[in-house]
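>>> just need the structure, nothing else, for what follows:
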Amino acid sequence: MSVHVLKQVQQLPLSLEEAWAFFSHPKNLAVITPEHLNLKFTNELHGEEIYPGQIITYKVKPLLGIPMFWMTEITHVERLRFFVDEQRQGPYSIWHHEHHFVEQNGGVEMTDIIHYKLPFGPLGNIGHGFVKKELRNLFAYRRKKITELFGA
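Model (predicted):
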């Protein structure tokens, strides 16, 4: 019953303010999510920027087109530095996603660190290879999409 970690670092040719403005707006999650996942927000998103305690609900279709409900809470925000979203309801036993932003070399280094645990104990770990591959594909897509939007 392992907690797994996925980390991705990407350089952005943006100012810290520009990077924060994009990534701290919940609706932009749909912009960097593959279309085949069919992400649809199911609650009203308040404000132009995330805030601690904010609840975001959506449906996605990650497997065989079957809709799945997901609820996350923004638990920590330090403006222009980092924020954390944690799953409150959804497919994982644990989902803790840190988003870090650091000014560097005339741009921003953005780091995602995800700690996650699959449900169903040892049976869940059997499927970890598939889940890990899907998460890596998702973040590879995001990396590519972010590069298309903002440059390398």
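>>> how many neighbouring residues does residue 98 have?
Here the count is done by other C-beta atoms under 10 Å, and residue 98 has 16 residues near it. Just so you know, the C-beta spots here come from the backbone N, C-alpha and C atoms, and that holds for glycine as well.
>>> repeat for residue 74
20.
>>> which residues sit in contact with it?
Neighbouring residues of residue 74 by C-beta atoms under 8 Å, 6 or more residues apart in numbering: 50-54, 56, 83-85.
>>> mind listing what's buried in stretch 20-40?
For stretch 20-40, the neighbour count (16 or more other C-beta atoms under 10 Å) marks 20, 22-24, 26, 29, 32-34, 37, 39 as buried.
>>> which residues does it contact?
Contacts for stretch 20-40 (C-beta under 8 Å, 6+ apart): 14, 41, 45, 48-50, 54, 56, 58-62, 67, 77, 79-80, 83, 99, 101, 110, 138, 141-142, 145-146, 149.
>>> change it to 7 Å
By C-beta atoms under 7 Å, 6 or more residues apart in numbering, the surrounding residues in contact with stretch 20-40 are 45, 48-50, 56, 58-62, 79-80, 83, 99, 101, 138, 141-142, 145-146.
>>> helices or strands up against the longest helix seen in the chain?
With secondary structure taken from DSSP state H, the chain has its longest helix at helix 128-150. Applying 3 or more C-beta pairs under 7 Å, 6 or more residues apart in numbering; DSSP states H and E, we find helix 128-150 packed against strand 4-12.
>>> at 8 Å instead, please
strand 4-12, strand 107-117 (3 or more C-beta pairs under 8 Å, 6 or more residues apart in numbering; DSSP states H and E).
>>> surely residue 82 meets residue 97?
No - assessed by C-beta atoms under 8 Å, residue 82 is found out of contact with residue 97, at 10.7 Å.
>>> one step back: nearest to residue 132, of the helices and strands packed on helix 128-150?
strand 4-12 (6.9 Å; C-beta to C-beta).
>>> and the pLDDT at the spatially most central residue of the chain?
Closest to where the C-alpha atoms of the chain average out (C-alpha atoms, centre = their mean) is residue 97, at 6.4 Å. The model reports residue 97 with a pLDDT of 98.
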